[in-house]
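J.: attaching a predicted model along with its sequence, questions to come.
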Amino acid sequence: MRHPFLRATLPLAGMNMLTQAARAVLSVVGPILAVQYGLTASQLGLLSAAMFAAYCLWQLPVGLLLDLFGPRAVQSCMGLTAAAGFAAFALADGMTGFMLARALTGIGVASGLMAVLKANTQWYKRHQVAAMTGIAMVVAGCGGLLVTAPANAVLPLIGWRGVFWGLAALSLAMTAWVWLSVREPQRPEVRRRCHFAGEIAVIGHIYTNS
């Protein structure tokens, strides 16, 4: 890969941008949902908690998946999951549907940071990883900007459902970019042989003892 930043780091950072967008979008549409559905501040907070809970619970499994299958395959699948989560929220019509959609979104964006880190350790020398990761975090941080002023500007035209449909479309576009651009290294790292069932058992043990 001649330009690993353009071919790997940047598209994966763009995918990570969806993580920030998913976090910030409720600050834009939350007041509208509160009025339309009579949601309290606690219920709006619960919607955020549903996404973060799913995001946190998926961290260990997604780390295993990244080691086994690489950033390209995992982030492509997760991008489709995030798109489904945004679309499900756009179609939802009550608290239960909103919570399930937010949880699905949380799973979909859970690998954003780890995929960038994984790719950077594969494509750069050790002394370059920190700098490239820092640049990727700047790109990802733009996701918060994406759903503040721009989303507020189009909200009167397309409504809150339109905002989520737009995020779903963006997720699909980012997924296509990752799938078409990111490649595994020509000399892949030596991976430790492991039994998948054994790894899942270890993850379950961690969850039940945390």
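T.: Good, I have the coordinates.
J.: distance-wise, check His21 relative to Leu117.
T.: Rather than His, residue 21 is Ala. 20 Å (C-beta to C-beta, to the nearest Å). C-beta: built from backbone N, CA, C; applies to glycine.
J.: go ahead and flag the most central residue of the protein.
T.: Nearest to the geometric centre of the chain sits Val109, at 1.6 Å (C-alpha atoms, centre = their mean).
J.: excluding chain neighbours, what is closest to that residue?
T.: Thr19 (4.1 Å; C-beta to C-beta, 6 or more residues apart in numbering).
J.: same question for Gly162.
T.: That would be Val154: by C-beta to C-beta, 6+ apart, it lies 7.2 Å from Gly162.
J.: in the protein, which helix or strand is least confident?
T.: For the chain, counting by mean pLDDT, DSSP states H and E, helix 196-208 ranks last in confidence among helices and strands (a mean of 61).
J.: give the helix, strand or coil label for the residue nearest to Gly162.
T.: helix (DSSP: H, G, I helix; E, B strand; the rest coil).
J.: what's the burial count for it?
T.: Look at Val154: counted by other C-beta atoms under 10 Å, it has 12 neighbours.
J.: that one and Gly30, how far apart?
T.: 16 Å.
J.: try Thr105
T.: For Thr105, the distance to Gly30 - C-beta to C-beta - is 15 Å.
J.: so which of those two has more stuff around it?
T.: Thr105 (33 against 18).
J.: next, the buried residues of the helix or strand that contains Met132.
T.: For Met132, the host element (DSSP states H and E) is helix 126-146. Buried positions in helix 126-146, judged by neighbour count with 16 or more other C-beta atoms under 10 Å: 132-133, 135-136, 139-140, 143-144, 146.
J.: next one: stretch 5-15
T.: For stretch 5-15, by 16+ other C-beta under 10 Å, it's 5, 7-15.
J.: now, those that are in helices?
T.: 10-15 (DSSP state H).
J.: picking up where we left off before, nearest to Ser76 among the buried residues of stretch 5-15?
T.: The shortest approach to Ser76 among these belongs to Met15, at 9.1 Å (C-beta to C-beta).
J.: so that closest one makes contact with Ser76?
T.: No - counting by C-beta atoms under 8 Å, Met15 stays clear of Ser76, with 9.1 Å between them.
J.: overlap in contacts, these two.
T.: Residues touching both Met15 and Ser76 by C-beta atoms under 8 Å, 6 or more residues apart in numbering: 175, 178.
J.: contacting residues around Leu26?
T.: 44, 47-48.
J.: what about it, which SS state?
T.: helix.
J.: about what we covered before: mind listing residues that contact the helix holding Met132?
T.: 5, 9-10, 12-14, 16-24, 112-113, 116-117, 120-121, 124.
J.: so how far is that helix off the chain centroid?
T.: The chain centroid and the centroid of helix 126-146 are separated by 14 Å, computed with C-alpha atoms, centre = their mean, to the nearest Å.
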